[in-house]
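# Predicted model and sequence below, questions to follow.
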Amino acid sequence: MVGRYPRVVCGDVSTSVSAKLQALSAGLPGADLKRLLESNPQLLSLDAEATVVRRAQLLARLLPTCDILRMCEVHPALLTVSVERTVAPALAVLTNVLELHGIPCGSITPHLVAQAAPRLLTTAPATLRARAAQLEYHAPGSIAAMQGTPAGLGRLLCASQRALHRIGYVHATAPDAGLGPVRIVTMPTAAFATRFPGFEKWCQDILSSTSSL
């Protein structure tokens, strides 16, 4: 933790750090503080009560059906960004993406997807829209098809541009491969390269043609 955030040792451990730990423990009952701080030691640089605990409370109001502490343990950055300026806009875009592709909120809500993939809530709205558009471009109907699997949809919307290009390549060159979108984007790099050796050149051609526009 010190290696990732050396400033943690700049304060008086017996007072500053200890007081923050006590405040976090009281304000986030049940949270795995060890996991939170090991993943994001920068939390110790923030005001425990006025910033960290307050953000957790705002997240709970914004996402009343979610396990906020669990989400923060998985993605501690949720506690280091503005809920109003970062999380709320991302949630609004996620909601819009689901509605745009005909997924009724009664079957899979934005909250379920966010719970499964909390990193989406710190993703720029433009990036989230672009990923959804790219996913639908390569595999039309993929978002609607994932309405029963929020974790799978979350993985797809968290995927990089390159990973999403994999879907386009497999659908174009090996439509009978028997692989779903989630399996395609999460396949280890070496395994994917072995099974689809032409992807690298195909991807380079795609990126080159895009950059030349």
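Ah, there it is. Residues are numbered from 1 along each chain as shown.

# for the protein, which residue is closest to the average position?
In the chain, the C-alpha closest to the average C-alpha coordinate belongs to Arg119, at a distance of 2.1 Å (Cα atoms, centre = their mean).

# gap between that residue and Leu94?
Spatial separation of Arg119 from Leu94 under the definition Cβ to Cβ, to the nearest Å is 12 Å. The C-beta positions use only the backbone N, C-alpha and C, and glycine is treated the same way.

# Also Ser208?
Separation of Ser208 from Leu94 (Cβ to Cβ): 31 Å.

# Val83 too?
Taking Cβ to Cβ as the measure, Val83 and Leu94 are separated by 15 Å.

# neighbour-wise, which of the two wins?
In this comparison of Val83 against Leu94, neighbours counted by other Cβ atoms under 10 Å, the higher total goes to Leu94 at 26 against 21.

# ok, that one - contacts?
With contact set as Cβ atoms under 8 Å, 6 or more residues apart in numbering, Leu94 has these partners: 110, 113-114, 120-121, 128, 157.

# One more pass at 7 Å, please.
Shown in contact with Leu94 (Cβ atoms under 7 Å, 6 or more residues apart in numbering): 110, 113-114, 120, 128.

# Going through those residues, which ones are buried?
In terms of neighbour count (16 or more other Cβ atoms under 10 Å), the buried residues within these are 110, 113-114, 120, 128.

# ok, the residues you listed vs Leu36, which is closest?
Nearest to Leu36 among those, counting by Cβ to Cβ, is Ala114 at 18.1 Å.

# in terms of contact, does the closest one touch Leu63 like I think?
Yes - with contact defined as Cβ atoms under 7 Å, Ala114 counts as touching Leu63 (6.4 Å).
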